[in-house]
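[1] Coordinates for the following, if possible.
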Amino acid sequence: MKSKIQDFKTKLVCFCAMYDVAMNHNESHEETGNYGIWYEMGESRLDADSMTAEKVPVISVQIWTKDEYSELPDLFEDFFDRIDCAWDNETYADYDEELQRYHYGWTMTYEG
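    Predicted coordinates for the structure are as follows:
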């Protein structure tokens, strides 16, 4: 499981660097540009015949941007598809008045 999470982290950080998104693990740091956090939410298991047939991490990715019609959500979703994540939107274009930013979030499983 640890290697799958490390692999996801490496791919996510590289992707975010290409689009100038400051991505942090577990906690958000106050940023001036686009930023996000990712964190592990647990694991999803598939058990068969009293044995674990498959175990994958469940991960949340959240981003904040000042751009009302940002291309970032589509870019993130394309990225998740390319690395074979099964993902769902947690929130889409939720405006956070305190941060004065648009918030997008996804929950996914990653097989690696």
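
[2] Poorly predicted segments of the chain, please.
    30, 45-47, 52-53 (pLDDT under 70).

[3] What segments of it are strands?
    Per DSSP state E, the chain carries strands over the ranges 21-25, 34-48, 51-65, 85-96, 101-110.

[4] Distance to Asp78 for those strands - can I get that in CSV?
    Quick note: C-beta positions are derived from backbone N, CA and C, even for glycine. Listed next are these as CSV, based on distance: least, Cβ to Cβ, whole Å:
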stretch, distance to Asp78
strand 21-25, 14
strand 34-48, 16
strand 51-65, 13
strand 85-96, 11
strand 101-110, 12
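
[5] Just put these in CSV and tack on mean neighbour count and distance to Lys4.
    Formatted as CSV, the strands of the chain follow (neighbours: other Cβ atoms under 10 Å; distance: least, Cβ to Cβ, whole Å):
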stretch, mean neighbour count, distance to Lys4
strand 21-25, 17, 15
strand 34-48, 14, 10
strand 51-65, 17, 6
strand 85-96, 13, 11
strand 101-110, 20, 6
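
[6] Contact partners for Glu27?
    Glu27 makes contacts with Ile37, as judged by Cβ atoms under 8 Å, 6 or more residues apart in numbering.

[7] Phi and psi next, for it.
    When read as degrees, to the nearest 10, the backbone of Glu27 gives phi -140, psi 150.

[8] Residues contacting stretch 39-50, please?
    With Cβ under 8 Å, 6+ apart as the criterion, stretch 39-50 contacts 1, 5, 25-26, 52-60, 107, 109.

[9] Then stretch 60-70?
    Contacts of stretch 60-70 (Cβ under 8 Å, 6+ apart): 12, 21, 31, 34-39, 41, 72-73, 76, 90, 96, 99-108.

[10] How far off centre is stretch 56-63?
    5 Å (Cα atoms, centre = their mean, to the nearest Å).

[11] Return the distance of Leu99 relative to Gln62.
    12 Å (Cβ to Cβ, to the nearest Å).
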